[in-house]
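> what's the 3D shape of this:
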Amino acid sequence: MAVDADSYATVALVQGLIGDLVPSRTFTTGTSPTLAEVEGFIDNVADELNAILGANSYTNPVVQATDSKAYGLLILANTVGACALILTSMPTGSFTDLEIETLSSTRYQSFVGRYKKVLKMIQERKLDATRSATDSFSVYSGSRTDRDTGETKDALFSRGMSDYPGARSLQE
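I've put the predicted structure just below:
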């Protein structure tokens, strides 16, 4: 098994943060967690990130060539998210998922805090990444075609999906 193409993290990045959990700092078929399990954790977190990106009108997966800053942030989120999942799978402790806004003292809390910050950026649509073409819609006054002249009416108001409720701008 290998890491999916739409994942952002790599096993090497995860090993760099939590490789000390296994001998020789390298995940293999004989370690706990195994290499396949680590790859699965990376893919699971990437799937969650891509689902949240899609739900918030971002194109996904984010591509490095077009959105390099957002891609780098997603690498971080995918890596720390996978690390947090791996730590919860370890028999050395049960970790409480705290609702935290700042980085905390334990490694797990630090990983979860960083991951949640990126999720919050995505959900608030503050990620500097390409948005899908379905990000705006128009409100029409009356029917689409004028009954007397047969001409098409232009939208009276329009707004982006990320605008706050009630925000409008007149069409020119």
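
> quick one: low-confidence ranges for the chain?
For the chain, the stretches flagged by pLDDT under 70 are 1, 91-104, 133-172.

> Which stretches in it count as helices?
Secondary structure of the chain, counting by DSSP state H: helices at 11-18, 35-55, 68-89, 107-123.

> can you give me the angle the shortest one makes with helix 107-123?
Our comparison of helix 11-18 with helix 107-123, counting by axes from the mean of the first three to the mean of the last three C-alpha atoms, to 10 degrees, yields an angle of 130 degrees.

> any idea of the angle helix 11-18 forms with helix 68-89?
Using the same axes, to 10 degrees: helix 11-18 against helix 68-89 is 60 degrees.

> Show me which residues of helix 11-18 are buried.
Neighbour counts over helix 11-18 (16 or more other C-beta atoms under 10 Å) mark 11, 13-15, 17-18 as buried. C-beta here means a position set from N, CA and C on the backbone, and glycine is covered the same way.

> same for it, what does it pack against?
helix 35-55, helix 68-89 (3 or more C-beta pairs under 8 Å, 6 or more residues apart in numbering; DSSP states H and E).

> Can you tell me which of those is nearest to R131?
helix 35-55 (9.9 Å; C-beta to C-beta).

> residues in contact with the closest one?
For helix 35-55, the external contacting residues (C-beta atoms under 8 Å, 6 or more residues apart in numbering) are 1-4, 6-11, 14, 27-29, 33, 59-62, 74, 77-79, 81-82, 85-86, 89, 115, 118-119, 122-123, 127, 129.
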